[in-house]
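A.B. asks: Provided below for reference: sequence and predicted model.
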Amino acid sequence: MTSPIDRRIYEHPIITFHRGRKIKFVFEGREVEAYEGESVAVALYAIGIDVFSWSRKLNRPRGPFCMIGKCSSCFMIVNNIPNTRTCILPVQEGLVVERQKGLATPPSKPLEEEVEEVELNPDVLIVGGGPSGLEAASILASNGLEVVVVDEHFKPGGQLLKQTHKFFGNVELFGGQRGFQIAELYIKKLAEYSNIKLLTQTSVYGVFRGGIVAAAGRNKHYIIKPRAVIAATGAQERLIEFPNNDLPGVMGAGGAQTIMNEFGVKPGEKALVVGSGNVGLIVAYQLVQAGVEVKAIVEIMKEIGGWFVHAAKVRRLGIPILTSHTIKYVEGNGRVEKAVVVEVDDKFNPISGTEREFNVDLVLLAVGLEPDTRFHAQAGAVMKYVPELGGLVPIRTRDLETTVSNLYVAGDSSGVEEATTAILEGRIAAYSIISKFTSGSRAQQALEEMEKTLKFLWEEYRSSPLLSRARRGKESVTVSREELLELRSKYPPPVSFG
Amino acid sequence: MDREKVTIICRCNDVTLEDILKAIESGIDDFELLRKKLKIGFGPCQGRGCLVIAARLFARKTGRNLGEIISNYTFRPPLVPIPVKYFTRGGEK
Amino acid sequence: MKVLIIGAGVSGLFIAYELLKRGVGEITIVDAKTPGSGASLRNVACFRSSFTSPEHVILMKESIKKWLEIRDSWGVGIHQNGYIWVARKNETIDVFKKLSQFHNSYGVPTRIIGKDELKEKEPYMNIDIVEGALYDPTAGKMNLMEVFTELYLRVKKMGAKIIPYTPIEKLVVSGGRVKSAISPRGQLDADVFIVAAAEGSKKILESIGVDVPIEPVPRHPIVTEAYSEIIKAGLVIDWDTPGSPHITQTSHGSIILARDVKDEPWIPLNSQRFDAIYKIVKPLSELYPALRYINITRYWMGYYDMTPDHHPIYGPVHPFENLYIAAGFSGHGLMMAPMTGVVIANWVVDGKPGIEVAENLTLERFKTGKLVKELAVIG
Amino acid sequence: MKNMSRFEFRRKGYIEIEELKELGLIPPSERLVKGPVAILECPEEIPCNICIAFCPTKAIKMERIIDLPRIEWDKCTGCGMCVAVCPGLAAFVVDLSKPDADYVTLPYELLPPPRKGDRVILLNRRGERVGEGEVVRVWERNKTFIVTVKTPKGLGMEVRSIWIERK
């Protein structure tokens, strides 16, 4: 059957969406159409399904939210299996999908679906295929090391995949290329190396006694014993509390970017963006590119959070940026229909009487990122809470080794910054490992490259006042090798690599 | 609209702002206890959405240090939920 | 009388609760970390009295009575929905019969149930691989977080002072009495000291030359996302599989799976074992095939503070006249906690435990060699 | 860097011509009336030097990657390459030399694609509609349209975006 609602984007100024062949599956008793390559959640959203599940206690409707398999909002019963994260489940011919209401029971008859166990012993395991991990992988591989890269998404690239804007920096560091184009360049580069094994749709889920790192892919179970690990696990979005903040139509900026820039589906018609950091400013611009009307950007601080040029881009399209404003509540029947914002005083308390109503069906939260350092913390690395870096990060040396031997941190998980610093950190970690795992001139050259990169990163790149806050944060968690060894013996980690 | 009742802190377990404020009012002065009592971070998202919001609220209400609260949380595998079927064969080594 | 209780776990809190009920005034409870951060909130939260020693059976029977009183007066989730020991082998039924006779002789009404009744009680169980079961209708499970926070709040409201992040490093003795306890945050003086710090008790008492034979043995429970009811009994135990894998479902809907996986004592609690997940999950998913499609969210470790005879150490610590211990619960601290409170409070106030079998459980028994054996340690 | 707190652009999201002047980002008036010249509305020390890499006449200077771009106005031919490559979409070319109209070259990354001869709405830095203009030249580089619009005389320093109504 055809649906009256079609949210797919057929024309976009920047991105060409390549849709796969048409596929049919069953949603609540009716046959629906999707394109191969779409996730079940995206396919349903594209035809106007806003509610994916109802919450367990309060029976509240939930719609697309994180879109990367991390929340529970898209839980559906697929082929009788409840708690299925449909936002990361690719559509397949003949799937039977039902919305989940609260708790459900799994089938008691085993289905024909076996998990294959795979053992891997690479020199270096890279957790996370974002800019940092991909840069590290290509350098390690070009120096002859065996590399395994694991990424949760169906395609590597991390946040690069969602970006339509051209990146800053210099040409050597992909400056001037659009985010998704940089991802493509890396993917091409990685394909040239036979000593890189790339595992997509695979989650590294833990470090175990004896230095075993375990990862789960689609019916594949990887048991990995690496000599070194670069955990470049990126960042996750922060959320905020306001009445009805769980209503379908309230999404993380990242979730909306996935829907519109990776899958080519409009996340809504009229949007309000909460937060004016770079993410908020960029997503507002991307919404306009996707044909969504952006009513306003609200920012609780007195100043715009992101870079001026990003602000200027949306501002000159007539999108107001309401500083000293916050979201008061949203309302709607099964989906956001209205958002109310309010001005705040110097102490961020709402000033009554200053409320403004917006008729929107989409409220995007872009209120900050926090490093995703679960892997490092679970591995036993000594961590520190650093507000300037967005949250909990591992203590590290300047070449980015943590208190767990041969466990490195790089990119946003080392403290939220931006893509170019992530690339540079991936490079530093890679050269540090090469200098340890090789010998002679190769090791010597790696050390030189590492020093060169460190110098550029700390003395040139991070000398920008725009990066000074993050720089301060990073300085506060960077220790000397002696200090690292001291911490290592004081807080012995349960595992070590190498 | 009862604002605190419809402000959701933990989506997985439907923990509301009201639940948290009431628990703090009842005398729970330890974040780990609050978390365990209300099952914040016990859902499928493993605390990705709720932990920091709840910690921030708790810190604000009790005057505790946010960094300390967050630093006390322990991370355990699996870092993402893994179906039992991955462990029903093999694993002998 | 100033009392310092070292350890704000469920035992320490129940001791405080009972002392406060007896009118003992100034009570301070310190914890190395936070209330309940040890084994109190790391266990499967079940209770039973179907043990193999008279000491355990008697204490646990009394404890269950207390738990049911607590359920009614506090209004917390405590469910007497039974334990099921599953036999995969026919000959195990004979073992169960003997156990049941023993239980029955102490008034614990366990009985053998056949496959039909088992199927009725546990509809998700794969009945084809079992022969029958031992059923204990008086056992059950509790909503641990609810029970613990309620206990914590009550003890606080009754006037106890609870101080977290205060690890006690040593005790200071003077004239045959303990004078104070020292922590990095300062010195705490009291008239009576009660050590209820599980394996931590060992180090604390070592500081005054007392040897406490407790070894923390790691346990490896696993918990899943929440589902509607799959496991109906309080606890189901796979008796014929080594390490007795066992399973329970919390009132929240998540399922806890565990098994006695042999491990070294004192291994740090952040040192998870990859093989443990397989060992726990495999036999239990044979028993409950639906488990294959549930998602594991957390695997953590906790200690059983084991004593050589798997019974707790209760009562006065000689030769110090104002020092008591309640530790070494060997995996049964939570279920026994209400009685731990009663026994220790009685000892402090009346000079005797008020329940005879408790006198068999003092620290003295390890010197005199009068150990009390318990075979059924699981859950 | 100078104390930026006296500047308002971080609060407003748009920059005033006076602020640009103070930061040395506006060509002197005698250069402005001479013919097309680039204006880089790039007031923050972003670590970026893409414009330099692509400027065919090497008119843009920067010592460190974080410096503000400096244009040697006489070397600048107003070719628009910086408009095409600037990641911040902060580069513009203005031509105030014609008597009857001003010309602004600006980057455009929205749909519908602009075509020569289109009548378009002219927007200033605040997104306000300040008039109508005509597209006189369009070229494209990596999905960015570089659009030259003819504006009413006097709007060359105001117009920084266009809006094309969808039919």
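C.D. replies: Received it, and whenever you're ready, just let me know what you need. Numbers count the residues shown, from 1 in each chain, chains lettered A, B, ... in the order given.

A.B. asks: Where does the residue of chain B found nearest chain A fall, secondary structure wise?
C.D. replies: When scored by C-beta to the nearest C-beta, chain B has B:Pro77 as its residue closest to chain A, at 2.7 Å. Where C-beta positions appear, they are placed from N, C-alpha and C, glycine not excepted. Under DSSP states H and E, no helix or strand contains B:Pro77.

A.B. asks: Quickly note the distance from it to C:Trp300.
C.D. replies: 9 Å (C-beta to C-beta, to the nearest Å).

A.B. asks: which residues are common contacts for those two?
C.D. replies: C:Gln272 (C-beta atoms under 8 Å, 6 or more residues apart in numbering or on different chains).

A.B. asks: higher neighbour count, those two?
C.D. replies: Using other C-beta atoms under 10 Å in any protein chain shown, the more surrounded residue of B:Pro77 and C:Trp300 is B:Pro77, with 26 against 16.

A.B. asks: give the contact list for that one.
C.D. replies: A:205-208, A:214, A:378, C:272, C:298-299.

A.B. asks: before we move on, what about A:Trp458?
C.D. replies: A:Arg471.

A.B. asks: before we move on, what SS does it have?
C.D. replies: When classified by DSSP: H, G, I helix; E, B strand; the rest coil, A:Trp458 comes out as helix.

A.B. asks: Kindly report the same for D:Thr105.
C.D. replies: The three-state label given to D:Thr105 by three-state DSSP is strand.

A.B. asks: before we move on, what about D:Leu111?
C.D. replies: Classified using three-state DSSP, D:Leu111 is coil.

A.B. asks: Make sure it is actually in contact with A:Ile9.
C.D. replies: No - if you go by C-beta atoms under 8 Å, D:Leu111 and A:Ile9 don't touch, sitting 10.1 Å apart.

A.B. asks: who has more neighbours, the two?
C.D. replies: A:Ile9 (20 against 16).

A.B. asks: And the more buried one, how far from A:Glu269?
C.D. replies: 12 Å.

A.B. asks: Over to D:Gly131?
C.D. replies: From D:Gly131 to A:Glu269 the distance is 29 Å (C-beta to C-beta).

A.B. asks: Give me the residue ranges of the chain where confidence is low.
C.D. replies: You didn't pick a chain, so chain A it is. Applying pLDDT under 70 to chain A flags the ranges A:1-3, A:110, A:112.

A.B. asks: let's do chain C instead
C.D. replies: For chain C (pLDDT under 70), the answer is C:375-379.

A.B. asks: Out of the contacts of B:Pro77, grab the one that's most surrounded.
C.D. replies: Result: A:Val207 is most packed of the contacts of B:Pro77 (other C-beta under 10 Å), 32 neighbours.

A.B. asks: got the contact list for residue 38?
C.D. replies: By default, I'm working from chain A. Per C-beta under 8 Å, 6+ apart, neighbours of A:Glu38: A:19-20, A:46, A:90-91, A:263.

A.B. asks: wrong one, chain B
C.D. replies: If you count contacts by C-beta under 8 Å, 6+ apart, then B:Leu38 has B:10, B:13, B:15, B:19-20, B:23 around it.

A.B. asks: ok, which pair from those is furthest apart?
C.D. replies: The most widely separated members of the contacts of B:Leu38, counting by C-beta to C-beta, are B:Asn13 and B:Ala23 (13.3 Å).

A.B. asks: who's more crowded, these two?
C.D. replies: Higher neighbour count among B:Asn13 and B:Ala23: B:Asn13, with 25 against 20, using other C-beta under 10 Å.

A.B. asks: contacting residues around that one?
C.D. replies: A:56-57, B:38-40, B:42-43, C:226, C:252.

A.B. asks: same question, A:Gln378
C.D. replies: Neighbours of A:Gln378 in contact, by C-beta under 8 Å, 6+ apart: A:206-207, B:75-77, B:79, C:270.

A.B. asks: Which of the three states applies to it?
C.D. replies: Under three-state DSSP, A:Gln378 comes out as helix.

A.B. asks: what about it, distance to C:Tyr299?
C.D. replies: Counting by C-beta to C-beta - A:Gln378 and C:Tyr299 are separated by 10 Å.

A.B. asks: Could you do A:Gly305 as well?
C.D. replies: In terms of C-beta to C-beta, A:Gly305 sits 39 Å off from C:Tyr299.

A.B. asks: Thought D:Val138 was touching D:Gly117, still the case?
C.D. replies: No - applying C-beta under 8 Å as the test, D:Gly117 and D:Val138 come out as separate, 9.7 Å apart.

A.B. asks: Which residue of the two possesses the greater neighbour count?
C.D. replies: A direct count of neighbours by other C-beta under 10 Å for D:Gly117 and D:Val138 places D:Val138 higher, at 17 against 9.
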